[in-house]
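[1] need a structure here:
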Amino acid sequence: MPERLNARVEACYALAEQFFKRRFPRPEVSLKLRGQKAGVAHLQQNLLRFNEQLYRENTEHFLRQTVAHEVAHLVAHQMFGARIQPHGEEWQLIMRGVYELPPDRCHTYAIRRRVGTRYVYRCSCADQEFAFTPQRHALVAKGRRYYCRRCKTTLSFTGEQRRE
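    Modelled structure (predicted):
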């Protein structure tokens, strides 16, 4: 685990403890998050998961904003309980008041999409095609139906596959 990441988590907790005048249990921290999310706070497990690739590519901003964002979720949960909104006023209070950071809900880091197979579906109005992922295509094979929002007919597989 990179020392700077752990040091930032600890610094965020120190600020929260100073602000709220109470101790908070430290979370387990993991760099085993993949995909589009930069970080996730698991409230019940007191666990923070971060995306190592996005951390490496955006280190300074990630340490300042993303780590504080996720720690704020755990602190808000422990201060105000389980019934608060994820990015509600309690979380925003912590972002602004404790960390003096903007309460941004989402990151703007560049994400490289993996090249993968897409399955082409069409509807009756046929003016639009829908590129399904392998997972969604498999759900169709198991009986799930997807509908065109415009003409309300079931989307059907054209037999065409693409690499995107």
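[2] Just give me the longest helix of this structure.
    helix 3-20 (DSSP state H).
[3] Now it: buried residues?
    For helix 3-20, burial by neighbour count (16 or more other C-beta atoms under 10 Å) applies to 5, 8-9, 12-13, 15-16. Every C-beta, even on glycine, is put in place using the N, C-alpha and C of the backbone.
[4] got any ranges where the chain has weak pLDDT?
    1 (pLDDT under 70).
[5] so where do the strands sit in it?
    28-33, 39-42, 47-51, 117-122, 129-132, 156-163 (DSSP state E).
[6] residues touching the residue lying closest to residue 132 once chain neighbours are set aside, list them.
    Nearest non-adjacent residue to residue 132, counting by C-beta to C-beta, 6 or more residues apart in numbering: residue 119, 4.5 Å away. The contact partners of residue 119, taken as C-beta atoms under 8 Å, 6 or more residues apart in numbering, are 131-134, 136-137, 157, 160-161.
[7] Make a markdown table out of the buried residues of helix 3-20 and add distance to residue 84.
    Compiled in a markdown table, the buried residues of helix 3-20 are given as follows (distance: C-beta to C-beta, whole Å):
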| residue | distance to residue 84 |
| --- | --- |
| 5 | 26 |
| 8 | 24 |
| 9 | 21 |
| 12 | 18 |
| 13 | 19 |
| 15 | 20 |
| 16 | 15 |
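[8] of these, closest to residue 32?
    residue 5 (12.8 Å; C-beta to C-beta).
[9] Residue 56 is in contact with the closest one, correct?
    No: assessed by C-beta atoms under 8 Å, residue 5 is found out of contact with residue 56, at 10.6 Å.
[10] if we can go back for a sec, deepest in the core, which of the strands of the chain is it.
    Stretch with highest mean neighbour count among these: strand 47-51 (a mean of 21; mean count of other C-beta atoms under 10 Å).
[11] strands paired with it, and their directions?
    As defined by DSSP bridges, the strand partners of strand 47-51 come to strand 28-33 (parallel), strand 39-42 (antiparallel).
[12] Next up, the contacts around residue 52.
    31-33.
[13] Right, I'll leave it there.
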